[in-house]
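> coords please:
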Amino acid sequence: MPSFKIDLSTAVVFVATAPEPKMANKKTGERAVDRETGASLSTVGLLVSDEGEGNLYQVTIPETGYPEGLAPGMPVRVVGLKARDWENEFNGQKRHGISFRAVAITSAA
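Residues are numbered from 1 along each chain as shown. Modelled structure (predicted):
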């Protein structure tokens, strides 16, 4: 499925939740990895405020793409944010949504 670039040039972005390891299989503890680079992936919550509206996004990012000590409340910049729609079927029920992926997150301070 295609992905779409998200322009954050006019937005203010803060860390909402600290990075956590993204799991490929929660039962076995297997970590999710980037298919192209093999880097382990994490998920971070970001609060994005733009044009009077605020949204919380769970963003997947490679572990090598964010600084140590990323904590809630920190102002950040997001590099290469993309959105991709997804759909799957699990136990006979269709599910769908939008996933977010970034190349890097840097401190805005």
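
> starting from the helix or strand harbouring T43, tell me which strands it pairs with and how they run.
Element membership for T43, per DSSP states H and E: strand 41-50. Counting by DSSP bridges, the strands paired with strand 41-50 are strand 12-21 (antiparallel), strand 53-62 (antiparallel).

> ok, then the element right after the last one?
Using DSSP H and E, the helix or strand that follows strand 53-62 towards the C-terminus is strand 75-79.

> so which elements touch that following strand?
strand 12-21, strand 104-107 (3 or more CB pairs under 8 Å, 6 or more residues apart in numbering; DSSP states H and E). Every residue, glycine included, has its C-beta placed from N, CA and C.

> on that earlier part again, now do the strand holding T43, average pLDDT.
For strand 41-50, the mean per-residue pLDDT is 97.

> what does stretch 92-105 give?
Per-residue pLDDT over stretch 92-105 has a mean of 94.

> show me what it is in contact with.
For stretch 92-105, contacts defined as CB atoms under 8 Å, 6 or more residues apart in numbering pick out 3, 6, 15, 44, 46, 57-62, 65-67, 70, 76-89.

> returning to what we had before: kindly export the strand holding T43 (C-alpha atoms) in PDB.
Listed next in PDB are the C-alpha coordinates belonging to strand 41-50 (Å, rounded to 0.1, in the frame of the first residue of the first chain):
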ATOM      1  CA  LEU A  41      11.900  -0.600  16.000                       C
ATOM      2  CA  SER A  42      10.300   1.400  18.800                       C
ATOM      3  CA  THR A  43       7.000   3.200  19.200                       C
ATOM      4  CA  VAL A  44       6.700   6.700  20.600                       C
ATOM      5  CA  GLY A  45       3.600   8.800  21.300                       C
ATOM      6  CA  LEU A  46       3.700  12.300  19.800                       C
ATOM      7  CA  LEU A  47       1.400  15.200  20.400                       C
ATOM      8  CA  VAL A  48       1.100  17.200  17.200                       C
ATOM      9  CA  SER A  49      -0.500  20.700  17.400                       C
ATOM     10  CA  ASP A  50      -1.200  22.600  14.200                       C
END
